[in-house]
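Novice: Take this sequence and fold it.
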Amino acid sequence: MIFTKREIDEHYPLPERLRLEKAKSQNSVIYWINELVRSQVRGAEDVTSLIEVTKDLVTQVEALYAEKENSISIPVSDQSNSVEVVLLEEQLSDLYAEKELLFTKTKTNSMEEVIALIQGMEEQLNSMYSEYET
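Specialist: I've put the predicted structure just below:
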């Protein structure tokens with residue numbers, strides 16, 4: 001049966017046709033797959049956009065791996081880089097030496113003990129000042 005446009009408009013108004021089309025599409029597996037994608041994947045509305053989002057993520061991951069590989073494979077044979085590395089190693093060893101000296105002089109084994117020692121000394125000093133003022 002074939003209807004004219006006027007007959008369709010008279011007997012099936014647009015809101016009714018849209019409702020019927022939506023109901024018909026909801027019986028489709030594709031509709032429910034797209035609904036699942038829409039609810040689970042941010043930035044994807046349907047399977048096609050899910051593929052695009054996935055391609056974009058793969059490209060980003062590949063770029064990150066390439067960047068990481070380049071940063072690892074750059075040799076430290078450059079004169080300026082090797083000088084910086086030597087300076088950093090010296091600073092680090094100096095810091096460890098200062099730390100060991102601090103532990104030796106204060107007869108402590110950890111930074112927490114050093115902090116507790118300093119706080120105790122501060123309390124003693126405050127009590128001495130308060131006694132002196134009175």
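Novice: Kindly export stretch 40-55 (C-alpha atoms) in PDB.
Specialist: Provided in PDB are the C-alpha atoms of stretch 40-55 (Å, rounded to 0.1, in the frame of the first residue of the first chain):
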ATOM      1  CA  GLN A  40      30.500   3.300  28.800                       C
ATOM      2  CA  VAL A  41      33.000   5.300  26.600                       C
ATOM      3  CA  ARG A  42      33.400   9.000  27.100                       C
ATOM      4  CA  GLY A  43      33.700  10.800  23.700                       C
ATOM      5  CA  ALA A  44      32.000   8.000  21.800                       C
ATOM      6  CA  GLU A  45      28.400   8.100  20.600                       C
ATOM      7  CA  ASP A  46      28.300   4.900  18.500                       C
ATOM      8  CA  VAL A  47      30.500   2.100  17.200                       C
ATOM      9  CA  THR A  48      32.000   4.300  14.400                       C
ATOM     10  CA  SER A  49      33.100   7.000  16.900                       C
ATOM     11  CA  LEU A  50      34.300   4.300  19.300                       C
ATOM     12  CA  ILE A  51      36.700   3.200  16.500                       C
ATOM     13  CA  GLU A  52      37.900   6.700  16.000                       C
ATOM     14  CA  VAL A  53      38.400   7.200  19.800                       C
ATOM     15  CA  THR A  54      40.300   3.900  19.900                       C
ATOM     16  CA  LYS A  55      42.500   4.900  17.000                       C
END
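Novice: Same question for it: list its buried residues.
Specialist: Within stretch 40-55, the residues that count as buried by 16 or more other C-beta atoms under 10 Å are 44, 50, 53. Backbone N, C-alpha and C define where each C-beta goes, glycine included.
Novice: want to throw the residues you listed into a markdown table with distance to I8?
Specialist: Formatted as a markdown table, the buried residues of stretch 40-55 follow (distance: C-beta to C-beta, whole Å):
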| residue | distance to I8 |
| --- | --- |
| A44 | 35 |
| L50 | 35 |
| V53 | 39 |
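Novice: Give me the subset of these lying in strands.
Specialist: Members of those lying in strands (criterion: DSSP state E): none.
Novice: closest to T108 among these?
Specialist: V53 (55.2 Å; C-beta to C-beta).
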